[in-house]
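Student: Build me a structure from this.
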Amino acid sequence: KIASNPKVYSAYTDSVLYEMLVEECEAQLNFSTATFQIHALREMAYEQGVI
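Tutor: Now for the predicted structure:
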């Protein structure tokens, strides 16, 4: 029932997107960039109907 709770679903989605960026961001240790990329990916996923 993740989708029924927007906050939980958002956090879950962010965690999945974050996992996709871990290797790149560990190399850079640039968490502000990671946050920006996560928001951009979430927006893109929303537009494509993934979320």
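Student: Quick check: pLDDT value at residue 44.
Tutor: On pLDDT, residue 44 comes in at 81.
Student: Tell me the spacing between it and residue 11.
Tutor: With distances taken as Cβ to Cβ, to the nearest Å, residue 44 is found 18 Å from residue 11. Where C-beta positions appear, they are placed from N, C-alpha and C, glycine not excepted.
Student: Buried residues in the helix or strand hosting residue 36, which are they?
Tutor: Applying DSSP states H and E as the criterion places residue 36 in helix 31-47. Residues of helix 31-47 classed as buried under the neighbour-count rule (16 or more other Cβ atoms under 10 Å) are 34, 37-38, 41-42.
Student: how about those residues in JSON lines, adding distance to residue 15?
Tutor: Shown next, in JSON lines, are these (distance: Cβ to Cβ, whole Å):
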{"residue": "34", "distance to residue 15": "12"}
{"residue": "37", "distance to residue 15": "14"}
{"residue": "38", "distance to residue 15": "9"}
{"residue": "41", "distance to residue 15": "12"}
{"residue": "42", "distance to residue 15": "11"}
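Student: these two touch, right, residue 41 and residue 18?
Tutor: No. Contact between residue 41 and residue 18 fails when scored by Cβ atoms under 8 Å: they sit 9.4 Å apart.
Student: Quick check: the gap between residue 22 and residue 44.
Tutor: Residue 22 is 18 Å from residue 44, by Cβ to Cβ.
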